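**Q** below are the sequence and a predicted model; questions follow.
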Amino acid sequence: MSRTNSLRTGRGRRTALALGLLLAVLAAACGKEGSPPVKGPKAEALPVYQVDQGFQLPESATWRKAQRRGYLIVGAKEDQPYLGEKDPASGVYSGFDIEIARMMAASLGFEPKTIRFRTIASANRETALQNGQIDYYVGTYTINDMRKKLVGFAGPYYMAGQGLLVRTDEDDINGPQDLAGKTVCSAAGTTPYQRIAEEYPKAVLVAYDTYSVCVDNLLTYQVDAVTTDDAILLGFAAKAPDEMKVVGKSFSEEPYGIGVARSDNALRFALDDALEANEKNGNWKKAFEATLGLSGVPAPTPPPIDRYPAN
Ligand code: GLU
């Protein structure tokens, strides 16, 4: 059914009404630091990261440049609930990925006020790192061999898996095997997009720059499902549990890494060390519980760091 047709029907009018309400709810709830989900646990306090005052990393070209500049430029997402969100009014970023970025900054000797976040969409991450537009990237960025040819990865710091988000009135889709003939939305240049294209060719794939646009399309009946990492989808569902649900089991492994320039092994190893230290001292768990934990996921044991050799 086309959008125009659907809006003429009763269901279409109800949907339009529901969507208006939802947008109001999302506008009120999105982006505020620690904004509570509609259902689920309450916000915990965010950890305070001890800045390593005497830290030096002269072997890292990225670190030296940031030091001279006086601030870090960190690539992130701005529309992924509990992971990377930007408050439209204050411009403040929040979420688990943002906390990982802040933890790393403190370990590299940078004060919190000397971090500047820059939103970079999934498809532009490699270029941004290769061109030195950002010092590092923290935004649901899956480590894989293809990307390792272009960039470096510290971590992993979290293990996600691909999932499916549908409207609550959807009964036919319970896993990727049900996608034949259905319209599925994902972001361009991503592993979930790639997997559907390769393994579920009967699905009708639609790509946008961001998952929030996919979610808008889902709520207006323009697509049947949104696919990406469960961590991202659970956040959207937690913000609007009456409208959307995550279905089925996750069907891939998406280890999240911190993207760095491929040549900067010194920075990569320093970030590996910093992740390990923060996992040990409890900051990782605390940060998780105060952010991504709000979408209903209990804090897991973080995956082991893969300190692969310099290349
Ligand atoms: N983790 C997947 C990827 O890196 C999907 C999430 C994203 O687009 O950031 O492609």
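**A** Received, thanks. Being a predicted model, the structure only gives us computed values, none of them experimental.

**Q** how distant is the lengthiest strand in the chain from the center of its chain?
**A** Counting residues, the longest strand found in the chain (DSSP state E) is strand 151-160. From the chain centre to the centre of strand 151-160 is a distance of 12 Å (CA atoms, centre = their mean, to the nearest Å).

**Q** how about the residues of this protein by the ligand?
**A** Ser122, Gly139, Thr140, Tyr141, Thr142, Ala187, Thr190, Thr191, Pro192, Thr228, Asp229, Glu254 (CB under 6 Å from any ligand atom). (Glycine included, C-beta is placed from N, CA and C.)

**Q** the longest strand of the chain pairs with which strands, and in what direction?
**A** strand 254-261 (antiparallel) (DSSP bridges).

**Q** pLDDT of the strand it pairs with, averaged?
**A** Per-residue pLDDT values over strand 254-261 give a mean of 98.

**Q** so Ile73 sits against Ala66, correct?
**A** Yes: in this structure, Ile73 is within contact of Ala66 by CB atoms under 8 Å, at 7.4 Å.

**Q** quick one on the thing from earlier: pull out the buried residues from the longest strand of the chain.
**A** Of all the residues in strand 151-160, those buried under the rule 16 or more other CB atoms under 10 Å are Val151, Gly152, Phe153, Ala154, Gly155, Pro156, Tyr157, Tyr158, Met159, Ala160.

**Q** if we can go back for a sec, among the residues of the chain next to the ligand, name the ones in helices.
**A** When DSSP state H defines the helices, the subset of the residues of the chain next to the ligand inside them is Thr191, Pro192.

**Q** next, find the distance separating the nearest residue to Leu271 once chain neighbours are set aside from Leu267.
**A** Distances taken as CB to CB, 6 or more residues apart in numbering place Ala154 nearest to Leu271, at 3.4 Å, with adjacent residues excluded. For Ala154, the distance to Leu267 equals 8 Å [CB to CB, to the nearest Å].

**Q** contacts for stretch 167-183, please.
**A** 164, 166, 196, 199-200, 202-204, 206, 218-219, 221-225, 227, 241-245, 247-249, 251 (CB atoms under 8 Å, 6 or more residues apart in numbering).

**Q** do the same with stretch 263-279
**A** So stretch 263-279 is in contact with 49, 57, 59-63, 100, 103-104, 107-108, 135-136, 152-155, 157, 258, 260-261, 284-285, 302, 305, 307, 310-311, going by CB under 8 Å, 6+ apart.

**Q** using ChimeraX, define a selection of the buried residues within those.
**A** If you want just the buried ones from the contacts of stretch 263-279 in ChimeraX, going by 16+ other CB under 10 Å, the selection is:
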select :49,57,60,62,63,100,103,104,107,108,135,136,152,153,154,155,157,258,260,261,284,285,302,305
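
**Q** so which of the contacts of stretch 263-279 belong to strands?
**A** Judged by DSSP E, strands contain the following of the contacts of stretch 263-279: Tyr136, Gly152, Phe153, Ala154, Gly155, Tyr157, Ile258, Val260, Ala261.

**Q** before we move on, back to that, neighbour count: Ile73 and Ala66, which is higher?
**A** Ranked by neighbour count (other CB atoms under 10 Å), Ile73 and Ala66 place Ala66 first, with 24 against 19.

**Q** mean confidence for the helix or strand containing the more buried one?
**A** Using DSSP states H and E, Ala66 maps to helix 61-69. Predicted confidence along helix 61-69 averages 98 (mean pLDDT).
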